[in-house]
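J.: The sequence isn't on hand, but the structure is:
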């Protein structure tokens, strides 16, 4: 794991960044919900306020684990990260994937609790921008003029994450595997022709749905034989549109 702490003209603390460095990933921050409504010219100042820290992780390495006590949020600048937790029997449960521009850990970063059952892995080589939201809760002077904007964006992000978790509970509440797949596919964005590209490989989808991979493959094969859908890799084509109604 390689860590880069930026220098710059905004002070000696590790979060200081320069304009040149921010320009390297400003296109990612534009897509990040946390920076919505903030002018690109102000990214450097906001990142200094949030004591930004940049780390690179190799594929398969741990980005965040249960024992970590730094309550920092992360923005994926490059690559893909996977959020997981473990059941009581030690089975790994895939919660979600985070790709370029996605944020994770903001709930823990805004909480007084230092405990989290979540672990975050690098699915590919990753670059992560860690953010410290402590300044958002400080009433002392020297606050960033975009403090309210960041706080509002975080509130919207929490609402989106809550909706995602509600959708996942709805999926897991289905007793039949076919019904789990149905609800999951209903929530995906597809073309008018019924073509959907999934964010997961087969084993990752099985983990996300909390089902056995072999059982998932068998069910997909049956649905293909019945003319409901066809699939190849991550691509699924829904032939019977009534299935999703």
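T.: Everything's here; your move. Here the structure is a predicted model, which means the values were calculated and not measured.
J.: Phi first, then psi, for the residue sitting nearest the centre point of the chain.
T.: The residue lying closest to the centre of the chain (Cα atoms, centre = their mean) is residue 98, at 3.1 Å. Main-chain dihedrals, residue 98, degrees, to the nearest 10: phi -120, psi 120.
J.: How about residue 203?
T.: phi -70, psi -40.
J.: on that earlier part again, mind listing the residues bridging to the closest residue to the residue nearest to the centre of the chain other than its chain neighbours?
T.: Leaving aside its sequence neighbours, residue 98 sits nearest to residue 81 (Cβ to Cβ, 6 or more residues apart in numbering; 4.5 Å). C-beta here means a position set from N, CA and C on the backbone, and glycine is covered the same way. Taking DSSP bridges as the rule, residue 81 bridges to residue 98, residue 122.
J.: quick one: residue 81 from residue 96, how far?
T.: Per Cβ to Cβ, to the nearest Å, residue 81 is found 9 Å from residue 96.
J.: Can you name the residues that contact the residue nearest to residue 98?
T.: By Cβ atoms under 8 Å, 6 or more residues apart in numbering, the contact set of residue 81 is 63, 74, 97, 98, 102, 104, 120, 121, 122, 123, 126, 128.
J.: Leaving out the residues flanking it, which one is nearest to the last one?
T.: With Cβ to Cβ, 6+ apart as the criterion, residue 128 has its nearest non-adjacent residue at 4.7 Å, and that residue is residue 74.
J.: that's a helix at residue 47, yeah?
T.: Yes: under DSSP: H, G, I helix; E, B strand; the rest coil, residue 47 sits within a helix.
J.: Spell out, range by range, the strands that occur in the chain.
T.: Using DSSP state E, the strands of the chain run over residues 2-4, 53-57, 62-64, 73-78, 81-86, 92-98, 103-104, 119-122, 126-131, 195-197, 229-232, 235-238.
J.: Out of these, name the one with the poorest average pLDDT.
T.: By mean pLDDT, the lowest-scoring of the strands of the chain turns out to be strand 2-4, with a mean of 40.
J.: Point out where this protein drops to low pLDDT.
T.: Scanning the chain for pLDDT under 70 picks out 1-18, 65-70, 87-88, 90, 112-116, 139-144.
J.: which helix in this protein runs the most residues?
T.: In the chain, taking DSSP state H as the definition, the longest helix is helix 147-172.
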